[in-house]
Structures are given as C-alpha cells and as structure tokens.
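Visitor: I'll drop the sequence and a predicted model, then ask my questions.
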Amino acid sequence: MKPWFLLATALAAAPAAVHAESAMKGVGGQPCSRFNADHAANAAVNDAAYWTWAQGFLGGLNAVAVQHAQPIADLDGMSDDAQQKAVGSFCQDHPDSAYFMGVFTLYQSLPTAASPNAPVPARPPVRRRRK
C-alpha cells in the first residue's frame, strides 16, 4: 500500500472537528495562512523553520515507503528552491489548508525511485522460559 494512501486514509477518517494541529506536531500543523504571514514577516528565518520541518516530513514519508517496499520520492528530483516554491505556491492558493498538505502535495509530484531496501523484518517475539 502506498504511504500517501495510508496518510490520506488516516486523515480522511479523522473527525472533521479535529484540527491539523491535533494530527501534526510542529509547524506542519499550522494553516497555510500562518505560513504566508510568517513568510511575509521574515522569510529568511521563518522559511528555514518551515522547510526543516518539511524535509523531515518528506523523509518520514519515504521511510514509510521503504518499510512497505514501495517506490520512494526522489527528494533530489527537484531543487530545494523549486520544492520550497511549490509549497509556497500551494499555501498562497490554499490559505485554509494545513502547511503539511502543501508538503504532501509536493511529495506526490516528485519523481519516484526504487525503494533502496527491503522492509525490515519484524523482531521475533521473545520466548520466556517456563519455571
């Protein structure tokens, strides 16, 4: 199952009253309107904080893909500058969406690459000796 499908399914199943801040930690849960305001206030500082979060989120999505032996997004398939501009454009066009949805949309648009590893096998259960 594709990691984006897992995330989309989990988010769609959440009650409508749950805000992105409850589902996400960090700046990713902020509405795009907040990102837009932070960008306007001090792009150099605020964009770095948002982009650091975005890179961790993108890497996490790829980690899920690897665990499920799915193709990963090629994070070098587009320059960082172009990626940041894509998320910024998303937020300008969708101020009521959460920032992470802009990053997720970027993830879906990146070229894919083969998963570098097979899934990590689950650890076998520890057997306890009977007394």
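Guide: Thanks, I have it.
Visitor: which non-adjacent residue is nearest the most centrally placed residue in the chain?
Guide: In the chain, the residue lying closest to the centroid (CA atoms, centre = their mean) is residue 57, at 3.6 Å. Of all residues not flanking residue 57 in the chain, residue 103 sits nearest, at 5.3 Å (CB to CB, 6 or more residues apart in numbering). C-beta coordinates here come from the backbone N, C-alpha and C atoms, glycine included.
Visitor: Likewise for residue 90?
Guide: Distances taken as CB to CB, 6+ apart put residue 102 closest to residue 90, at 3.6 Å, once the chain neighbours are dropped.
Visitor: likewise residue 114?
Guide: residue 71 (6.2 Å).
Visitor: Secondary structure element holding the closest residue to residue 95 other than its chain neighbours?
Guide: Nearest non-adjacent residue to residue 95, counting by CB to CB, 6+ apart: residue 33, 4.1 Å away. Using DSSP states H and E, residue 33 sits within helix 32-67.
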